[in-house]
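>>> requesting a structural model of the entry that follows:
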Amino acid sequence: MIPNIAGTITPWVLGTLCVLMILALAIVVKSWREVKTSPYYFMRRQAEKRLQTYSFASLCLVLATAVTAAATLQKPQDQTLLVAILANTKPASSEIRALIEAAPSITAVTGDDLTQQSISTAVQSFDEANAALLQTVLTLPQEYDQVQPTVELNDDTVLTPLVFSTQIDDDYKAINSNDIFSVGRYTLFATFDYDGMADGMAWSWVWRHEGEVVEGGNELWAYGQDGPGYIYLNPEEGFRAGKYSLEVWVNGELFTRADITMTGSALSTGN
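The predicted structure is shown next:
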């Protein structure tokens, strides 16, 4: 495919070379005729020198024109600057690196083997493996593991995922829940439902900012077997920009964890 050379200097260069080549060839032809027809030796010698000079010049112009034309007709290289935009890029934390290194491999299945049951089993297995990996990576800080449980953990103990908001109602339900909030000074609530708990279990909650522990607590459970619950955080210095996380531990085991992001925008929480 011939590239579009309109609007460039290339046509002018080619035109100039062609004109010079034609002039040189015309002089070559004229000198050759003078060599053949001149009756005097001195005039023939001058014509021969002009013939040699302009023949060499013509050859150079022919080569230059051919090279320029060949370069012009080549398909231009794509010089588009490729830029990869990485949102929120920063070095991976030690927790993330450990999760990546310890992540289980996923075995590919063919269309014949792919059923709804196999998909559900694979997803459940991956979630369990991911939770186990998270359990091994995260550790309960010693200062929030001071209470010894008097009741063993139940097999049916369940804590629902954490829901964050700046307001809750009388039933401990989040109002206008979100996972992105603005920096500043206010109270942040994390609500959840629980089932299978027992008074006397040891439970802990740990708040982290960018992986560093900033707040937490540890006490014996005294809130019954099931119901709604909440945890709140109201730092004196206010919330800083970055990622906050909340972990809930029961009898030394991580039961639920969630992340939220604090930004400089006051539009996220509607405060």
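>>> how is residue 197 assigned, secondary-structure-wise?
coil (DSSP: H, G, I helix; E, B strand; the rest coil).
>>> relative to residue 143, how far out is the residue nearest to residue 150 when sequence neighbours are not counted?
Among residues not flanking residue 150 along the chain, residue 200 sits closest, at 3.9 Å (C-beta to C-beta, 6 or more residues apart in numbering). (Glycine included, C-beta is placed from N, CA and C.) Residue 200 sits 21 Å away from residue 143, going by C-beta to C-beta, to the nearest Å.
>>> what does residue 231 give?
Counting by C-beta to C-beta - residue 231 and residue 143 are separated by 17 Å.
>>> dump stretch 23-38 to PDB, restricted to CA.
Output of stretch 23-38 as PDB, limited to C-alpha atoms (Å, rounded to 0.1, in the frame of the first residue of the first chain):
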ATOM      1  CA  LEU A  23      19.600  18.400 -17.000                       C
ATOM      2  CA  ALA A  24      22.600  16.200 -16.400                       C
ATOM      3  CA  LEU A  25      21.500  13.600 -19.000                       C
ATOM      4  CA  ALA A  26      20.800  16.400 -21.500                       C
ATOM      5  CA  ILE A  27      24.400  17.600 -21.000                       C
ATOM      6  CA  VAL A  28      25.700  14.100 -21.300                       C
ATOM      7  CA  VAL A  29      23.900  13.700 -24.700                       C
ATOM      8  CA  LYS A  30      25.100  17.100 -25.900                       C
ATOM      9  CA  SER A  31      28.700  16.200 -24.900                       C
ATOM     10  CA  TRP A  32      28.500  12.800 -26.600                       C
ATOM     11  CA  ARG A  33      27.400  14.500 -29.800                       C
ATOM     12  CA  GLU A  34      30.200  17.100 -29.600                       C
ATOM     13  CA  VAL A  35      32.700  14.200 -29.200                       C
ATOM     14  CA  LYS A  36      31.400  12.600 -32.300                       C
ATOM     15  CA  THR A  37      31.000  15.700 -34.400                       C
ATOM     16  CA  SER A  38      33.700  18.100 -33.300                       C
END
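>>> pLDDT weak spots in the stretch 151-271 of the chain?
265-271 (pLDDT under 70).
>>> show me where it has helices.
For the stretch 151-271 of the chain, applying DSSP state H, counting those that start in this stretch gives no helices.
>>> ok, now which ones touch the residue nearest to residue 150?
149, 150, 151, 220, 221 (C-beta atoms under 8 Å, 6 or more residues apart in numbering).
>>> where's residue 53, which helix or strand?
helix 41-73 (DSSP states H and E).
>>> repeat that for residue 150.
Applying DSSP H and E, one finds residue 150 in no helix or strand.
>>> how about the strands in the stretch 1-150 of the chain?
Counting by DSSP state E, counting those that start in this stretch, the stretch 1-150 of the chain forms no strands at all.
>>> ok, the nearest residue to residue 10 once chain neighbours are set aside - how many residues close by?
Among residues not flanking residue 10 along the chain, residue 72 sits closest, at 5.0 Å (C-beta to C-beta, 6+ apart). Under the neighbour criterion other C-beta atoms under 10 Å, residue 72 is assigned a count of 16.
>>> ok, residue 72 touching residue 17?
No: the criterion here is C-beta atoms under 8 Å, and residue 72 misses it with residue 17 at 11.4 Å.
>>> which residues touch residue 199?
Contacts of residue 199 by C-beta under 8 Å, 6+ apart are 151, 220, 221, 222, 223, 224.
>>> who touches the fifth one in this structure?
The reference is to residue 223. Residues in contact with residue 223 (C-beta under 8 Å, 6+ apart) are 194, 197, 199, 229.
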